[in-house]
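Colleague: This is the structure alone, sequence omitted:
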């Protein structure tokens with residue numbers, strides 16, 4: 001049977017890293033600010049979507065992953081923890 005969840009039951013593998021990277025920013029980046037930065041780059045998300053990504057409740061598309069990596073200045077591999 002095909003599984004859409006990671007081994008720990010989350011719908012994505014980057015959410016925990018998104019949370020960590022957002023909190024490591026100086027000053028800390030809010031979920032709202034991250035959503036606004038994604039919107040500027042053409043990704044239609046809101047603060048609630050960021051919360052669901054970080055908690056593992058929401059899938060992350062490859063397009064979203066690429067833009068998140070750009071915002072944090074890291075590679076997609078780093079964002080997913082490879």
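Modeller: Structure received. Every value quoted in this text rests on a predicted model; they were computed, and no experiment measured them. Numbers count the residues shown, from 1 in each chain.
Colleague: ok, residues contacting stretch 37-54?
Modeller: Under the criterion Cβ atoms under 8 Å, 6 or more residues apart in numbering, residues 12, 14-16, 18-19, 22, 30-32, 34-35, 58, 60, 63-64, 67-68, 70-71 lie in contact with stretch 37-54. Where C-beta positions appear, they are placed from N, C-alpha and C, glycine not excepted.
Colleague: Going through those, which ones are buried?
Modeller: 12, 14-16, 18-19, 22, 31, 34-35, 58, 60, 64, 67-68, 71 (16 or more other Cβ atoms under 10 Å).
Colleague: Could you tell me which of those belong to strands?
Modeller: Residues of the buried ones among the contacts of stretch 37-54 located in strands (DSSP state E): none.
Colleague: out of the residues you listed, which are inside helices?
Modeller: 15-16, 18-19, 22, 31, 34-35, 64, 67-68, 71 (DSSP state H).
Colleague: could those go into a markdown table alongside distance to residue 80?
Modeller: What follows is those, written out as a markdown table (distance: Cβ to Cβ, whole Å):
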| residue | distance to residue 80 |
| --- | --- |
| 15 | 10 |
| 16 | 10 |
| 18 | 10 |
| 19 | 14 |
| 22 | 16 |
| 31 | 20 |
| 34 | 17 |
| 35 | 20 |
| 64 | 12 |
| 67 | 14 |
| 68 | 10 |
| 71 | 15 |
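Colleague: and those residues as a markdown table, adding pLDDT?
Modeller: A markdown table is the format used below for those (pLDDT from 0 to 100):
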| residue | pLDDT |
| --- | --- |
| 15 | 96 |
| 16 | 95 |
| 18 | 97 |
| 19 | 97 |
| 22 | 96 |
| 31 | 97 |
| 34 | 98 |
| 35 | 98 |
| 64 | 97 |
| 67 | 98 |
| 68 | 97 |
| 71 | 97 |
